[in-house]
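[1] the following block contains a protein sequence and its predicted model.
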Amino acid sequence: MEKFSDNIKKVILAGIGAVAVTAEKSKDLLEEMVEKGELTVEQGKVLNEELKHNIKKTVKEKVNAAKPLSEEDLSELLDKMTPEQIAVLKEQILKKEAASGKHTADDADTDREQAQSDRQEAV
């Protein structure tokens, strides 16, 4: 019976030892993951700054590359538009002209009604 109790003690001590080793390994693994995580955060910050720089550079290039449309380009663009899109464009032009004072209020109302009827016909 004494051998039996010694064996039980050994099993219990082995279990406690396994738990202790597992705890130590878990702690080491956790510390390693934190270190890797910090590196990943730092790398992410660097990449984020790099992306911001690239986006700003691209936007500047595209803005500087924009040029006024020629009559030919404008004609091609209008050819691609649907009648509804053209009617909306007419309305926007009329609003801009009315705001700048190029048309009288009566002219703007007449033109706006015409653009709205064009738009309804397109639908």
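    Happy to help now that I have it. Worth saying up front: this structure is predicted, and the values here are computed from it rather than measured.

[2] following the longest helix anywhere in the chain, which helix or strand comes up?
    The longest helix of the chain (DSSP state H) is helix 2-65. Going down the chain from helix 2-65, the next helix or strand is helix 71-80, by DSSP states H and E.

[3] what mean pLDDT would you report for stretch 24-38?
    On average, the pLDDT along stretch 24-38 is 76.

[4] got the CA coordinates for it in PDB?
    This file holds the C-alpha atoms of stretch 24-38, laid out as PDB (Å, rounded to 0.1, in the frame of the first residue of the first chain):
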ATOM      1  CA  GLU A  24       6.500  29.100 -17.900                       C
ATOM      2  CA  LYS A  25       6.300  28.200 -21.600                       C
ATOM      3  CA  SER A  26       3.000  30.200 -21.900                       C
ATOM      4  CA  LYS A  27       4.700  33.200 -20.300                       C
ATOM      5  CA  ASP A  28       7.700  32.900 -22.600                       C
ATOM      6  CA  LEU A  29       5.400  32.500 -25.600                       C
ATOM      7  CA  LEU A  30       3.300  35.500 -24.600                       C
ATOM      8  CA  GLU A  31       6.400  37.700 -24.200                       C
ATOM      9  CA  GLU A  32       7.600  36.600 -27.600                       C
ATOM     10  CA  MET A  33       4.200  37.400 -29.100                       C
ATOM     11  CA  VAL A  34       4.200  40.800 -27.500                       C
ATOM     12  CA  GLU A  35       7.600  41.600 -28.900                       C
ATOM     13  CA  LYS A  36       6.500  40.400 -32.400                       C
ATOM     14  CA  GLY A  37       3.300  42.400 -32.000                       C
ATOM     15  CA  GLU A  38       5.300  45.600 -31.200                       C
END
